[in-house]
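> pasting the sequence and the predicted model now:
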Amino acid sequence: MIEVRDLRRTYRGRLGRPAVDALRGVSFDVAAGQRFGIVGESGSGKSTLVRLLAALDTPTGGTISFRGTRIDGVPERRLKFLRDELQIVFQDPMGSLDPRMRVRDIICEPLKRRDDERLAELLDAVGLPLDAASRYPHQFSGGQRQRISIARALAPDPKVLIADEPVSALDVSVRAQILNLLADLVERYELTLVFVSHDLSVVRHVCDTVAVMRRGEIVELGDVEQVYQQPLHEYTRELIAAAPTLRAALARFQEG
Amino acid sequence: MTVLAVRGLSVSVGDTELVKDVSLEIGAGERVGLIGESGSGKSLTASAVMGLLPEELDVSGSVELDGRQLLGMPERELSRLRGRAMSMVFQEPMTALNPSMQVGKQVAEVMRLHRTNQDPRAAAVDLLDRVRLPDPRRAAKAYPHQLSGGQRQRVMLAMALANNPSLLICDEPTTALDVTVQAQILDLILANTQGSALLFITHDLAVVATVCERVLVMYDGQIVESGLVLDVFTAPQHRYTQQLLASSDLESTDENGRLKTVSHD
């Protein structure tokens, strides 16, 4: 589905500051139907990678192919197919939903026409009531807003869904609902999922494969269970050790 | 020794009660977690204690710090306590810091305002060192935007600790940080609040269990459960606590591989 080879992106330094190598030669494949996780902390290059995968930015070097067609450095007018087949859900729905548009228009915008039947189907798929259509984003909670952006992403019937930290801004209880919703939708619409997160335990729950990124490079790539249980790279081990888990924390009390 | 004693605290706007009859006590050296989802009233409770509630909200009940009643205290007196006897660390350090002032000066200001130190400038550098900012002398001259999120949170912590407060309130202090940075900040909070009363607000159960001994669970403006972390997290009594724990556990799923969720009915 997606083929990335030796991908590089350097941001030019401004005001005398040195240039930043956000991506330093990244290669991987995402197969159809895969749930591919990308884990990394601030500055690891994961957001740059997302922008390049969605052809919202041009790489400094390397190639990206989507279903066999190159999408790097291709002018926007020839990316129509990609805009329908690949969709993104962002972390902060308030920042990615136009506050002045009604939910109906937000969801139908990628369709370029009003389609009430499709709208009803999408609202139902993401678990929102029909009367949500006539309201505005600020009238919803964070979890509901994320449902709106998922409905919008699904509107053009994409093959690939990129979820960029979709649950990082949400409470744990809402997080569980949205993760379950994503799992349902991926199954129902046979989506290929690229799931980006700073939290390896969330990726472990959602994905089958994971790429661990640090400073613009993939330091480890493989089956998510294997990476989590037997991390090969020092940095992956550090990530796992740093994340607090309820079990480990409670063990502290039980030891006395 | 009880540092903070809150009794029957209610916060309301018009006829709507947002915080309902909340009571809690924290002793010196005690670390208490306050958990619950967005809108449950955690932050309002903290703001009520600090005397930082918006004017249109009505407060009733009692908030005592070291035996002094804070509710109804004139702002002039309250502001002498804030930053000295009690201080607070917020989630987003970028909005809590002054963008046009060097961070060393901001830390020194806390001590200058309260006249707690003869040489606040040098003390500020010491404090920045204590929260393990690399090269504290140079860091003191930096502006907030020149620091990373984790470094900014260290500065916030230095300001909060500057006058050895009896009560430190942390409101989601690590939610916006990377996991490896979060672990360092939590260690710092633990190491620097040995004698203080700590009220730690978060929705992350694993973080609470790492930092606190006791925990209070808030739901719909009320404390629905409280007790030792171990007891509450291993044998939750209230239905909301049970569901919250189940939904946060990414390793336990139903027969379809789905996570357990909280039902609001």
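Yes, it's here.

> for chain B, what lies in contact range of chain A?
Proximity of chain B to chain A, by CB under 8 Å from any CB of the partner chain, involves residues B:37-38, B:148-149, B:178-183, B:186, B:203-207, B:209-210, B:228-230, B:233-234, B:243-245, B:247-251, B:253, B:257-262. C-beta: built from backbone N, CA, C; applies to glycine.

> show the buried residues in those residues.
Buried subset of the residues of chain B next to chain A (neighbour count, 16 or more other CB atoms under 10 Å in any protein chain shown): B:37, B:149, B:178-183, B:186, B:203-207, B:209-210, B:229-230, B:233, B:243-245, B:247-250, B:259-262.

> take those residues and keep only those in helices.
Among these, the residues falling in helices (DSSP state H) are B:149, B:179-183, B:186, B:205-207, B:209-210, B:229-230, B:233, B:243-245, B:247-248.

> ok, which stretches of the stretch 101-250 of chain A are helices?
Assigned by DSSP state H, counting those that start in this stretch, the stretch 101-250 of chain A shows helices spanning A:103-108, A:116-125, A:142-154, A:172-188, A:200-206, A:224-229, A:234-242, A:246-254.

> okay if I get those helices as CSV plus mean pLDDT, mean neighbour count and distance to residue A:8?
Below are these laid out as CSV (pLDDT from 0 to 100; neighbours: other CB atoms under 10 Å in any protein chain shown; distance: least, CB to CB, whole Å):
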stretch, mean pLDDT, mean neighbour count, distance to residue A:8
helix A:103-108, 94, 21, 35
helix A:116-125, 93, 15, 37
helix A:142-154, 93, 24, 28
helix A:172-188, 91, 20, 30
helix A:200-206, 91, 22, 24
helix A:224-229, 95, 16, 24
helix A:234-242, 92, 17, 20
helix A:246-254, 82, 15, 38
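
> which one of those helices lies nearest to residue A:74?
helix A:142-154 (21.4 Å; CB to CB).

> what does the closest one contact?
Under the criterion CB atoms under 8 Å, 6 or more residues apart in numbering or on different chains, residues A:87-90, A:93-94, A:96-97, A:103, A:106-107, A:109-110, A:122-123, A:125-128, A:132, A:137, A:140, A:161, A:166-167, A:169-171, A:174, A:177-178, A:181-182, A:185, A:189, B:38 lie in contact with helix A:142-154.

> what angle sits between it and helix A:116-125?
140 degrees (axes from the mean of the first three to the mean of the last three CA atoms, to 10 degrees).

> just give the nearest non-adjacent residue to residue A:97, would you?
Leaving aside its chain neighbours, residue A:97 sits nearest to residue A:137 (4.3 Å; criterion: CB to CB, 6 or more residues apart in numbering or on different chains).

> contact partners for residue 212?
Picked chain A for this. So residue A:212 contacts A:39, A:40, A:200, A:218, A:219, A:220, A:221, A:227, A:233, A:235, A:236, A:239 (CB under 8 Å, 6+ apart).

> wait, chain B
B:31, B:32, B:33, B:198, B:200, B:229.

> identify the farthest-apart pair in those residues.
Checking the contacts of residue B:212 with CB to CB, the most distant pair is B:198 and B:229, at 13.1 Å.

> any idea which residue sits dead centre in chain A?
Nearest to the mean C-alpha position of chain A, by CA atoms, centre = their mean, lies residue A:163 at 2.1 Å.

> how many residues are close by residue 39?
I'll assume chain A. Other residues within reach of residue A:39, judged by other CB atoms under 10 Å in any protein chain shown, total 28.

> not quite, go with chain B.
For residue B:39, the number of neighbouring residues by other CB under 10 Å comes to 15.

> now it, what's its secondary structure?
Following DSSP: H, G, I helix; E, B strand; the rest coil, we place residue B:39 in the coil state.

> show me where pLDDT drops low in chain B?
Regions of chain B meeting the criterion pLDDT under 70 cover residues B:264-265.

> residue ranges of each domain in it, please.
Annotated domains of chain B cover B:27-57+B:76-85+B:167-265, B:94-164 [automatic domain parsing].

> around chain B, pick out the residues from chain A.
Applying CB under 8 Å from any CB, one finds that chain A approaches chain B through A:41-42, A:141-142, A:171-177, A:179-180, A:183-184, A:198-199, A:201-202, A:204-205, A:238-239, A:242-246, A:248-250, A:252-254.

> which SS state does the residue in the stretch 1-150 of chain A that chain B sits nearest to fall under?
As assessed by CB to the nearest CB, chain B sits closest to residue A:41 within the stretch 1-150 of chain A, at 3.9 Å. Counting by three-state DSSP, the backbone at residue A:41 sits in coil.

> which residues are in contact with it?
A:198, A:214, A:239, B:178, B:179, B:180, B:181.

> repeat that with 7 Å
Residue A:41 makes contact with A:198, B:178, B:180, according to CB atoms under 7 Å, 6 or more residues apart in numbering or on different chains.

> I'd like the residues you listed laid out as JSON lines, including distance to residue B:116.
Listed next are these as JSON lines, based on distance: CB to CB, whole Å:
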{"residue": "A:198", "distance to residue B:116": "38"}
{"residue": "B:178", "distance to residue B:116": "33"}
{"residue": "B:180", "distance to residue B:116": "34"}
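
> doesn't residue A:89 make contact with the residue nearest to the centre of chain A?
Yes: the criterion here is CB atoms under 7 Å, and residue A:163 meets it with residue A:89 at 4.7 Å.

> just the C-alpha atoms of stretch A:162-171, please, in PDB.
Output of stretch A:162-171 as PDB, limited to C-alpha atoms (Å, rounded to 0.1, in the frame of the first residue of the first chain):
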ATOM      1  CA  ILE A 162      -3.600   8.000   9.300                       C
ATOM      2  CA  ALA A 163      -4.400   8.700  12.900                       C
ATOM      3  CA  ASP A 164      -1.900  11.200  14.300                       C
ATOM      4  CA  GLU A 165      -2.100  11.000  18.200                       C
ATOM      5  CA  PRO A 166      -5.900  10.700  18.000                       C
ATOM      6  CA  VAL A 167      -6.300  10.000  21.700                       C
ATOM      7  CA  SER A 168      -3.500  11.900  23.300                       C
ATOM      8  CA  ALA A 169      -5.700  14.800  24.300                       C
ATOM      9  CA  LEU A 170      -8.500  12.700  25.700                       C
ATOM     10  CA  ASP A 171      -9.400  11.300  29.200                       C
END
